[in-house]
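Engineer: Structure here, sequence nowhere to be found:
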């Protein structure tokens, strides 16, 4: 498969790194306005440098990935559209709908991704929205490329804002939670560094237990809580300070804002 990546910022570079990690011989061409960044990515990953020539990139790509800033999409589309043929377009642009991209690029072969910061380490939840007429081949290609960023989750486009709240913004809520855990441990006598190491281990263990046991979170919670024990004392404080409601409100607020940005 020949893949062209337009934009070598954080997300575009993360995708390239993931693809090369999966298949060191993969054929990737890049388009990037920054000469320095372009040279760095080409040297690090052995990709084809197409400079700023969209015609050259399209000649060397069956799939074109848009990883530019959302504000730049109209300018990019204007120079890209005349050179597009049957390529599949994959967009990493937050807040830009498939309908808008189809209009700008003159093609209905547009797949939309919604990754998160965790894409930099290949561990993102990647929302994937296919066009209505997508066939099995398109779905397979979209899934294969998404795995370079993390774990694909296929959703209709109307749910992309929800994925943004859960994953794209949700990763920040997890950072807040981990930091709060560390502050609590520091108050209890630990150093912050030791607390951070411990909190990350607890987080990884909790995720593994949920994933491997396949049980509802509340079912596992009930196994940890014992009468008049330490855990119920802590859980009581979470409920007292509105933890559940605050987290749920954060996710829905992020989703609502993502929906506003799409309109």
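Structural biologist: Yep, it's here. All figures in this text were calculated on a predicted structure; none of them were measured in a lab.
Engineer: Now do the phi/psi pair for the nearest residue to residue 157 once chain neighbours are set aside.
Structural biologist: Distances taken as Cβ to Cβ, 6 or more residues apart in numbering place residue 129 nearest to residue 157, at 4.2 Å, with adjacent residues excluded. Any C-beta I mention is one placed from the backbone N, CA and C, and that applies to glycine too. For residue 129, the backbone dihedrals (degrees, to the nearest 10) come out as phi -120, psi 120.
Engineer: Report the beta-bridge partners for residue 129.
Structural biologist: residue 112 (DSSP bridges).
Engineer: Secondary structure of residue 65: a helix, I assume?
Structural biologist: No. Per DSSP: H, G, I helix; E, B strand; the rest coil, residue 65 lies outside any helix segment and is strand.
Engineer: buried stuff in the host helix or strand of residue 246?
Structural biologist: Here residue 246 sits within helix 243-262, counting by DSSP states H and E. Using 16 or more other Cβ atoms under 10 Å as the test for burial, helix 243-262 gives 247, 250-251, 254-255, 258-259, 262.
Engineer: Can I get those residues in a markdown table including pLDDT and distance to residue 37?
Structural biologist: Shown next, in a markdown table, are the buried residues of helix 243-262 (pLDDT from 0 to 100; distance: Cβ to Cβ, whole Å):
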| residue | pLDDT | distance to residue 37 |
| --- | --- | --- |
| 247 | 98 | 37 |
| 250 | 98 | 33 |
| 251 | 98 | 33 |
| 254 | 98 | 29 |
| 255 | 98 | 32 |
| 258 | 96 | 28 |
| 259 | 96 | 32 |
| 262 | 90 | 28 |
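Engineer: and residue 126, that's in a strand?
Structural biologist: Yes. The assignment for residue 126, made by three-state DSSP, places it in a strand.
Engineer: who touches it in this structure?
Structural biologist: Residues in contact with residue 126 (Cβ atoms under 8 Å, 6 or more residues apart in numbering) are 113-115, 119, 146, 149-153, 167.
Engineer: Nice, that's everything, thank you.
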